[in-house]
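Peer 1: How does the following fold in three dimensions:
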Amino acid sequence: MKTPSKWRIFVLVAVAQFMVVLDNAITNVALPTIKQQLHFSGSSLQWVVTAYALSFGGFLLLGGRAADLFGRRRSLLTGMVAFTSFSLLIGLSQTSTQLIVLRALQGLSGAFMSPAALSIVLVTFRDGPARNKALSYWTLVATGGAALGLLLGGALTQYFGWRWNFLINVPIGVVMTGLIARYVPVHEREERRSSLDIPGAVLATSSLMLLVFAFSQAPLWGWASWRLLGTLTAALGLLAGFVANEARVRHPLMPLSTFKVRNVRGANLIMAPLYATMLGGFFLLTLYVQTALQLSPVMTGLSFLPFPVILGIMSTRMPRLVQRYGFRRFLIIGPLTIALGLAWLSRLQLDSTYWTGILPAAIIMPLGIGMTMMPTIAAATSGVPAHEAGLASGLISTSQQMGGALGLAILSGVAASATARAAHLGSAQASLHGYHAAFWTAIAFMAAAALVALAVIRPARRDATEPAASGQLQSSASH
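Peer 2: Okay, here's the model as predicted:
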């Protein structure tokens, strides 16, 4: 059989990634309908999104190492079959508990798909300019998929019912599984050993899950309660156990030496607050548009149309800009641009309209997101040897998804607490007060990301343009 072109391989694995990203966002518009039909309580509704992001992020490191150890295509196909199957079961679920559990299992499947897909891209495009171009399109898939998920979710929910947000994955998954099995070449295992660091995976996942659970319960327990502080302490203890385990085991899930690469370390610290703002912001903004502005699901989806359009424009231009200027300046300017859009949203009032309240932010924020995402992924994966491509992919995806899960829990918790404190103002004004508090918290996230870029990311004449060669990891580690 003729060797498939690099771009055919890219398209196939990008569609797989699009499925994963889409399901992280497509449910947002359907949440009010799901809440009504499956009788969710207000506090448990966020778990439709959180269960997926939490399970996804918690197992991404394990999925990334599995891709390196057992073969990238095998991990991708295994995850896709499971993802498609759980999508079918979610579409048929009858209770809120079933939906949440199946969403968690769907996220687990995605954790094996996503790092395998990105690592296939990294080993397929080894030269600098071509890799930058591929990563720019990958960024478009990752960010545009989230925005398009809102549009598609609105149409499916209004015209076909919320279940089709998940059932639509079934025919796509079946077709893509066949095409990937046929056209994506088998990747040999990058390492001869075939053992996974299961204790490390358990410690990392349980720590991250406990953190998200703690922040999601904060409005109920109180932000200064002993229950919250105790749960956070336990989560940090498990995280410390994970670090100790990785330092002593022979074949760690996440070699700590990876963090000696300064830009890899900085990129992961930037990605977490970036995606925290994106996932938490989309969740709150879709609720505001449907509850305060009283827009239908379809109109809610259409209201976010500027996001994928502007993201597409930015993503196709970033490789050339990064090639010319390096990625450091964009990792500073991008988060600050997002913060500007959030500051506009923090001015929303009860009589705000879409045109004056939402649209300006929907134009400003994707400019910043498009400016930030591709350079962040490039910084996180450049200088990493081929045998750790899956690890690097899993690590940046873990920062992305766990940042999103934590961000959703924190921003929802802040909004709920601020709403409760302002209850005497009336339900509408109290809810608006909660949205304002959440948006200002997201602004703090973006300020932190810009500070990390300023302090940690090193400027270089050839940022993100080098191939992932083994020698680079050692040279970068000394910087």
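
Peer 1: any idea how far residue 71 lies from residue 125?
Peer 2: To residue 125, residue 71 is 19 Å away according to C-beta to C-beta, to the nearest Å. To be clear about C-beta, it is placed using only N, CA and C from the backbone, and glycine gets the same treatment.

Peer 1: do residue 92 as well
Peer 2: Taken as C-beta to C-beta, the span from residue 92 to residue 125 is 39 Å.

Peer 1: returning to what we had before: of residue 71 and residue 125, who's got more company?
Peer 2: More neighbours surround residue 125 than the other of residue 71 and residue 125, with 22 against 19 (other C-beta atoms under 10 Å).

Peer 1: Identify all contacting residues around the helix or strand where residue 220 lies.
Peer 2: Per DSSP states H and E: residue 220 is located in helix 198-221. Residues from elsewhere that reach helix 198-221 (C-beta atoms under 8 Å, 6 or more residues apart in numbering): 43, 46-47, 50, 54, 57-59, 61-62, 227-228, 231-232, 234-236, 238-239, 241-242, 245-246, 249, 252-254, 402, 405-406, 409-410, 412-413, 416-417, 420.

Peer 1: Return that helix as CSV; C-alpha atoms alone will do.
Peer 2: The C-alpha trace of helix 198-221 is given here as CSV (Å, rounded to 0.1, in the frame of the first residue of the first chain):
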residue,chain,number,x,y,z
ILE,A,198,0.4,2.4,38.2
PRO,A,199,1.1,3.7,41.8
GLY,A,200,2.1,7.0,40.2
ALA,A,201,-1.1,7.1,38.1
VAL,A,202,-3.2,6.4,41.1
LEU,A,203,-1.5,9.1,43.2
ALA,A,204,-1.7,11.7,40.5
THR,A,205,-5.3,11.0,39.5
SER,A,206,-6.6,10.8,43.1
SER,A,207,-4.8,14.1,44.0
LEU,A,208,-6.2,16.0,41.1
MET,A,209,-9.7,14.6,41.6
LEU,A,210,-9.7,15.5,45.3
LEU,A,211,-8.6,19.1,44.4
VAL,A,212,-11.5,19.5,42.0
PHE,A,213,-13.9,18.0,44.5
ALA,A,214,-12.7,20.4,47.2
PHE,A,215,-13.2,23.5,45.1
SER,A,216,-16.6,22.3,43.8
GLN,A,217,-17.8,21.8,47.4
ALA,A,218,-16.3,25.1,48.7
PRO,A,219,-19.6,27.1,48.3
LEU,A,220,-21.4,24.5,50.4
TRP,A,221,-18.7,23.9,53.0
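
Peer 1: what pLDDT, on average, does whichever helix or strand comes after that helix get?
Peer 2: The helix or strand immediately downstream of helix 198-221 is helix 226-248, counting by DSSP H and E. In this model, helix 226-248 carries a mean pLDDT of 93.

Peer 1: low-confidence ranges in this protein?
Peer 2: Residue ranges of the chain with pLDDT under 70: 1-4, 42-43, 127-128, 143-144, 146-147, 187-196, 383-391, 393-394, 460-479.

Peer 1: what are the ranges of the helices in the stretch 301-450 of the chain?
Peer 2: 306-325, 328-345, 359-381, 389-421, 427-455 (DSSP state H, counting those that start in this stretch).

Peer 1: Figure out which of the ones you listed is closest to residue 21.
Peer 2: Nearest of those to residue 21, taken as C-beta to C-beta: helix 389-421 at 9.8 Å.

Peer 1: List the buried residues of the closest one.
Peer 2: For helix 389-421, a neighbour-count test (16 or more other C-beta atoms under 10 Å) marks 389-419 as buried.

Peer 1: can you check stretch 249-262 too?
Peer 2: 252, 253, 254, 255, 258, 261, 262.

Peer 1: could you give the angle of the helix or strand hosting residue 81 to helix 389-421?
Peer 2: Element membership for residue 81, per DSSP H and E: helix 72-91. Taking axes from the mean of the first three to the mean of the last three C-alpha atoms, to 10 degrees, helix 72-91 and helix 389-421 form an angle of 30 degrees between their directions.

Peer 1: Give me the helices and strands touching helix 72-91, please.
Peer 2: helix 6-25, helix 60-70, helix 96-124, helix 164-167, helix 169-183 (3 or more C-beta pairs under 8 Å, 6 or more residues apart in numbering; DSSP states H and E).

Peer 1: Go ahead and confirm residue 346 touches residue 436.
Peer 2: Yes - with contact defined as C-beta atoms under 8 Å, residue 346 reaches residue 436; the gap is 5.2 Å.

Peer 1: Settle it for me: which of the two has more neighbours?
Peer 2: residue 436 (19 against 16).

Peer 1: contacting residues for the more buried one?
Peer 2: Here residue 436 is in contact with 346, 348, 418 (criterion: C-beta under 8 Å, 6+ apart).

Peer 1: How far does stretch 30-50 sit from its chain's centre?
Peer 2: 20 Å (C-alpha atoms, centre = their mean, to the nearest Å).

Peer 1: ok so, going back, pull the distance from the helix holding residue 81 to the chain's centre.
Peer 2: 18 Å.

Peer 1: can you check stretch 158-177 too?
Peer 2: 21 Å.

Peer 1: so which pair among the buried residues of stretch 249-262 is furthest apart in space?
Peer 2: Pairwise over the buried residues of stretch 249-262, using C-beta to C-beta, the maximum falls at 253 and 262, 21.7 Å.

Peer 1: can you count the residues close to the residue nearest to residue 287 when sequence neighbours are not counted?
Peer 2: Excluding its sequence neighbours, the residue lying closest to residue 287 (C-beta to C-beta, 6 or more residues apart in numbering) is residue 31, at 7.1 Å. Counted by other C-beta under 10 Å, the residues lying close to residue 31 total 22.

Peer 1: ok, now which ones touch residue 31?
Peer 2: Counted by C-beta under 8 Å, 6+ apart, residue 31 has contacts 45, 48, 49, 286, 287.

Peer 1: and which of those is nearest residue 102?
Peer 2: residue 48 (10.4 Å).

Peer 1: Can you tell me the closest non-neighbouring residue to that closest one?
Peer 2: Going by C-beta to C-beta, 6+ apart, residue 48 has residue 27 as its nearest residue, at 5.6 Å.

Peer 1: again with residue 58
Peer 2: In space, residue 58 is closest to residue 205, 3.8 Å off (C-beta to C-beta, 6+ apart).

Peer 1: Residue 243 versus that neighbour, what's the distance?
Peer 2: 14 Å.

Peer 1: Looking at these two, which has the bigger crowd around it?
Peer 2: Each of residue 205 and residue 243 has its neighbours counted (other C-beta under 10 Å); residue 205 has more, 23 against 15.
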